[in-house]
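J.: I'd like to go over a predicted model; first the sequence, then the structure.
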Amino acid sequence: EQRPLGGITEIAPFTGIDDRGLGDLSGPLGWQLAYPFLQKQLYDFYGDKRIIENQYPAFKKQLNFLITTAPMNLYSWDISDHEALDPKPEGLSAAAFYYHHILLGAEFAGILGNSRDSIEYATLAKSIKENIIAKYHVPATGRFDNATQSAQLFALYYDLAPDRDKSFDVLSKEFERHKWHISTGIFSTKMMFDVLRENNMNDAAYRIANQKDFPGWGYMLENGATTLWETWAFPESDPSRNHPMFGSVDEWFFRSLGGINPLAPGFKRIQIKPQPAGDLSWVKTSYNSVHGKIVSDWKKQANGFQMHIVIPANTRADVYCPSAAGKPVMENGKEIKAVRYESGYAVMELGSGEYNLSSF
């Protein structure tokens, strides 16, 4: 719900809860972010800009509230990474959530053809990013804020790190310190899967997701969970034993293992980039997009890699088939020309249809 001054409440329907909020009974920044973030998700997955168009006046009111309320153009308080096991990077997360709001303002204005607003918000976002780096980055170290898994993932997810290699190195050491178990909360758990996928590090994601002891999804299963808990530890009575906040692991099956992601709103253009990991020898994935079913099945064989993919009508896909550089990719006995080879993949641009690909 929107408050009179423009802020969004922590929960809806509103019951008066405003933990770490921004005034006028508005909620904390991370929870306020749900309002524009959901619009962005719906646009990306369905390609319909009407929700952005219809909500834009209210979103502008929210942005104006955030901008006029921000001390020195930065926030430092928030609930932060709820249920993280390490100390939460409250200041960094609050600043990053503010930055995210303004980035979406610039993007939504651009989608609607409002160049004036888009330029204004983009300029402000650049300033906020510079302020975050100046305040929370430890120069020459790659560390952000308290350098926990959460902190490093916030920095990498929002592209704040001046030296990404160093920031990844700090993150890897944090994974090692936790014996490749997760210590993240509601936000940086999703960020972890996205960051590792986008940087071809799915083996790390698989190793973490596949742990059977505390903390992790396997620990929940080993302890009788049939739904996701709100906490990594078993909730005796409170909080919830049926809470979707750690459900980004389900998204990981589709986006990383199956490799299905939109490259244009509504999956008009698709990326199919499976990322085999660990001891997995096969994966079957499908997603019912607004254009039709997208399929990405693959299996490893002793002499190569096989993919079965389906690209819906009136769409195109960038298809990544694991392959050594320069090696041919075959489709039912005929070679398909790769437009490039990168990071262990042959990349092909394919139109609608069903394909059976193999590489050796």
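T.: Okay, I see it. Numbers count the residues shown, from 1 in each chain.

J.: Contacts for stretch 74-94, please.
T.: If you take Cβ atoms under 8 Å, 6 or more residues apart in numbering as the criterion, stretch 74-94 is touched by 19-20, 22, 28-31, 95, 97-98, 128, 131-132, 135-136, 144-146, 148-151, 154-155, 183-188, 215, 230-232, 245. For every residue, glycine as well, the C-beta is placed using N, CA and C.

J.: domains of the protein?
T.: 70-254, 263-359 (automatic domain parsing).

J.: Mean neighbour count, mean pLDDT and distance to Ala12 for these - can I get that in a markdown table?
T.: Output for these, formatted as a markdown table (neighbours: other Cβ atoms under 10 Å; pLDDT from 0 to 100; distance: least, Cβ to Cβ, whole Å):
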| stretch | mean neighbour count | mean pLDDT | distance to Ala12 |
| --- | --- | --- | --- |
| domain 70-254 | 18 | 97 | 16 |
| domain 263-359 | 16 | 97 | 26 |
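
J.: Please spell out which residues along stretch 17-37 are buried.
T.: 18, 20-22, 25-33, 35-36 (16 or more other Cβ atoms under 10 Å).

J.: Nearest to Arg207, out of those: which one, please.
T.: Gly30 (27.3 Å; Cβ to Cβ).

J.: quick one: contacts for that closest one?
T.: Per Cβ under 8 Å, 6+ apart, neighbours of Gly30: Asp78, Ile79, Ser80, His82, Ser93, Ala94, Phe97, Ile186, Phe187.

J.: Assign a three-state SS to it, would you?
T.: Judged by DSSP: H, G, I helix; E, B strand; the rest coil, the three-state class of Gly30 is helix.

J.: Please tell me how far it sits from Ser188.
T.: In this structure, Gly30 and Ser188 are 11 Å apart, going by Cβ to Cβ, to the nearest Å.

J.: Kindly report the same for Ile294.
T.: In terms of Cβ to Cβ, Ile294 sits 28 Å off from Ser188.

J.: go on, Asp48?
T.: To Ser188, Asp48 is 30 Å away according to Cβ to Cβ.

J.: do the same with Gln275
T.: With Cβ to Cβ as the criterion, Gln275 and Ser188 are 20 Å apart.

J.: Now Gly353: phi and psi?
T.: When read as degrees, to the nearest 10, the backbone of Gly353 gives phi 150, psi -180.

J.: my guess is it contacts Ile311, does it?
T.: Yes - between Gly353 and Ile311 there is a contact under Cβ atoms under 8 Å: 5.9 Å.

J.: can you pull the contacts of the residue lying closest to Trp217 once chain neighbours are set aside?
T.: Excluding the flanking residues, the one nearest Trp217 by Cβ to Cβ, 6 or more residues apart in numbering is Val249, at 5.5 Å. Each residue near Val249 by Cβ under 8 Å, 6+ apart is listed here: Thr189, Phe193, Ala209, Trp217.

J.: now swap in Glu174 and tell me
T.: Ala147, Thr148, Gln149, Gln152, Ser183.

J.: I'd like the list of those residues that fall within helices, please.
T.: Within the contacts of Glu174, residues falling in helices by DSSP state H are Gln149, Gln152.

J.: farthest-separated two in the contacts of Glu174?
T.: Ala147 and Ser183 (12.0 Å).

J.: circling back: need the contacts of Glu174 in JSON lines with distance to Leu74, can you?
T.: Listed next are the contacts of Glu174 as JSON lines, based on distance: Cβ to Cβ, whole Å:
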{"residue": "Ala147", "distance to Leu74": "20"}
{"residue": "Thr148", "distance to Leu74": "20"}
{"residue": "Gln149", "distance to Leu74": "23"}
{"residue": "Gln152", "distance to Leu74": "20"}
{"residue": "Ser183", "distance to Leu74": "26"}
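
J.: which among the contacts of Glu174 gets closest to Val347?
T.: Of the contacts of Glu174, the one sitting nearest to Val347 (Cβ to Cβ) turns out to be Gln152, at 29.1 Å.

J.: Skip the chain neighbours and tell me the closest residue to the closest one.
T.: Leu171 (4.0 Å).

J.: next structured bit after whichever strand or helix holds the one you found?
T.: Per DSSP states H and E, Leu171 falls inside helix 164-177. Proceeding N to C from helix 164-177, the next assigned helix or strand is helix 188-198, under DSSP H and E.

J.: and for that following helix, what are the contacting residues?
T.: Taking Cβ under 8 Å, 6+ apart as the rule, helix 188-198 contacts 81, 84, 149-150, 153-154, 156-157, 182, 184, 201-202, 204-205, 208, 246, 248-249, 251-252, 255-256, 275.

J.: Okay, helices next: where are they in the chain?
T.: Under DSSP H, the chain gives helices at 29-32, 34-46, 50-69, 90-111, 115-136, 149-157, 164-177, 188-198, 202-209, 217-222, 248-252.
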